[in-house]
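Student: just to be clear, the model below is a prediction. Sequence and coordinates:
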Amino acid sequence: MRRFTSFLTGVIFGALVGAVTALLLAPTSGDELRSRARERIDDLSDDVREAYNARVAQLEAELDKLRSSREKA
């Protein structure tokens, strides 16, 4: 357990150092970086929402098909 805790601490610390380094060495300003990140998050959110709605529509169509076949029988 102690090895895992040490490993996890190292991973978290490494990720933190990497994130800070990336922000400090980024070729864009903080405002531009935040706006790009916000746009990407919005795009991803829209994609997830569209995929969700498409899957819901597909499942509803399958459910209607099953209900209609059961009613016919």
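Tutor: Arrived safely, thanks for sending. Numbering: from 1, shown residues only.
Student: where is the longest helix in the chain?
Tutor: The longest helix of the chain (DSSP state H) is helix 30-72.
Student: need phi/psi at residue 29.
Tutor: The phi/psi pair for residue 29 (degrees, to the nearest 10) reads phi -70, psi 170.
Student: the longest helix of the chain packs against which elements?
Tutor: Taking 3 or more C-beta pairs under 8 Å, 6 or more residues apart in numbering; DSSP states H and E as contact, there are no helices or strands that helix 30-72 lies on. C-beta: built from backbone N, CA, C; applies to glycine.
Student: average pLDDT for that helix?
Tutor: If you average the pLDDT over helix 30-72, you get 91.
Student: any idea how far residue 62 is from the residue nearest the centre of the chain?
Tutor: With distances taken as C-alpha atoms, centre = their mean, residue 44 lies nearest the centre of the chain, 7.0 Å away. Computed as C-beta to C-beta, to the nearest Å, the residue 44 to residue 62 distance reads 27 Å.
Student: look up how far residue 10 lies from residue 3.
Tutor: Residue 3 is 11 Å from residue 10, by C-beta to C-beta.
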